[in-house]
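Engineer: Would you be able to build a 3D model of this:
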Amino acid sequence: MKEKGFSLVDLITAFSILSILLCISLPAFKNLSSKYTLTSAVREISASLNYAKYKSIFQRAKFRVSFAERGYRIERFNTASKKWERDKWAICKNVIIYANNSPIFHPNGTVSNLTSIYISNSSGKYKITIAISGRIKAVKLDKD
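Structural biologist: Residues are numbered from 1 along each chain as shown. Predicted structure coming up:
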């Protein structure tokens, strides 16, 4: 009587073919990961800028967004103590952030500092601009 099922040779052949296909496709997935990390960071920073803008309008207070190489923080100006107090902070992993200014959002929706923010990693570079009117715009730059 013949036994049903797979032999050891069949299983080893199938696993070796699968591992070869996995090794071939792994670099493509790694590249996609850095691309999605970059777009995620751009969306997060844009959303946080909008958060600071609208929080400034609704709370009738000044809000500032300060940037570091790996993250940013949102600060509220306390008129009583005349100091900036931290409202929110975040770290963006696997991206580099550069900003030429720290935008200050005013209760009327405007911004006192024109700001350009560059976010980059191995898969590309984005630029977020903030106009005096408070408009926030993100643009993908060509890869250098």
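Engineer: Any buried residues in the helix or strand hosting residue 127, and which?
Structural biologist: Following DSSP states H and E, one finds residue 127 within strand 124-130. For strand 124-130, the neighbour count (16 or more other CB atoms under 10 Å) marks 124-128, 130 as buried. (Each C-beta comes from the backbone N, C-alpha and C, glycine too.)
Engineer: and that strand, how far out from the chain's middle?
Structural biologist: 11 Å (CA atoms, centre = their mean, to the nearest Å).
Engineer: Renumber starting at 446 from here on
Structural biologist: Yep, numbering from 446; the last one is strand 569-575 now.
Engineer: Name every strand pairing with whatever helix or strand comes next after that strand and say which way it goes.
Structural biologist: Where DSSP H and E defines the elements, the next helix or strand beyond strand 569-575 is strand 581-586. Strand pairing for strand 581-586, determined by DSSP bridges: strand 569-575 (antiparallel).
Engineer: mind exporting the helix or strand encompassing residue 518 as PDB, just the C-alpha atoms?
Structural biologist: Taking DSSP H and E as the definition, residue 518 sits inside strand 516-523. Presented in PDB, the C-alpha positions along strand 516-523 are these (Å, rounded to 0.1, in the frame of the first residue of the first chain):
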ATOM      1  CA  GLY A 516      11.700  65.500  16.500                       C
ATOM      2  CA  TYR A 517       9.700  68.500  17.500                       C
ATOM      3  CA  ARG A 518       7.800  70.100  20.400                       C
ATOM      4  CA  ILE A 519       4.700  72.300  20.600                       C
ATOM      5  CA  GLU A 520       4.800  75.000  23.300                       C
ATOM      6  CA  ARG A 521       2.200  77.400  24.600                       C
ATOM      7  CA  PHE A 522       3.100  80.900  25.700                       C
ATOM      8  CA  ASN A 523       2.000  81.600  29.300                       C
END
